[in-house]
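Visitor: With the input below, show me the fold.
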Amino acid sequence: MIHVFINGRLAKKQDIIIASELLLNEQCPNCNSTVDVNIEILKTVDDNLAGYCWGDSEHVEIEIARVSNDYTYSREELLLNLTHELVHAKQLINKQFEFKLQEELIKNTPYNKLPWEEEAYGLEDSLYKKHFKRLT
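Guide: Predicted coordinates:
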């Protein structure tokens, strides 16, 4: 069972928690252990990123920025960024992130062409529409 917790100001927070849990439980059908996913809604994230995700198959941390490079994200963009990071959470929970350690791949591949980023960019729009669009 995957449990999501959100810290920070966010309208319809409980609905977003439920949508996040549905998304992750759907994307991680073989998850038989308890996984905690903590989401922090912050003004900014290090390196001016829109979001950041790290952790392992039992505990995942996600930071979502409201502002990046002096640009303030709309609610829709913020939820799309959250969806992208939830795909990374799915990768961690399903232990798909092990290939991230392949340093040659990281050094020689454009960021958006890295396998974990290609998957996140490839899934974010459809998952956003399925789980979050109604909450904007």
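Visitor: least trustworthy helix or strand in this protein by mean pLDDT?
Guide: When the helices and strands of the chain are compared on mean pLDDT, DSSP states H and E, helix 103-108 comes out lowest with a mean of 67.
Visitor: which other helices and strands contact the lengthiest helix in the chain?
Guide: Criterion DSSP state H: the longest helix present in the chain is helix 75-93. With contacts taken as 3 or more Cβ pairs under 8 Å, 6 or more residues apart in numbering; DSSP states H and E, helix 75-93 sits against helix 13-27, strand 35-42, strand 51-55, strand 59-65, helix 115-131. In this view, the C-beta of every residue, glycine as well, is placed from N, C-alpha and C.
Visitor: pLDDT below threshold where in this protein?
Guide: Applying pLDDT under 70 to the chain flags residues 97-106.
Visitor: Nearest to the spatial middle of the chain, which residue is it?
Guide: For the chain, the residue nearest the mean C-alpha position is residue 85 (1.5 Å; Cα atoms, centre = their mean).
Visitor: So that residue is in contact with residue 53, correct?
Guide: Yes. Using Cβ atoms under 8 Å, residue 85 is in contact with residue 53, at 4.4 Å.
Visitor: Between the two, which contacts overlap?
Guide: Common neighbours of residue 85 and residue 53 (criterion: Cβ atoms under 8 Å, 6 or more residues apart in numbering): residue 62.
Visitor: how many neighbours does the residue nearest to residue 64 when sequence neighbours are not counted have?
Guide: Nearest residue to residue 64, sequence neighbours excluded (Cβ to Cβ, 6 or more residues apart in numbering): residue 51, at 4.8 Å. By the criterion of other Cβ atoms under 10 Å, residue 51 has 24 neighbours.
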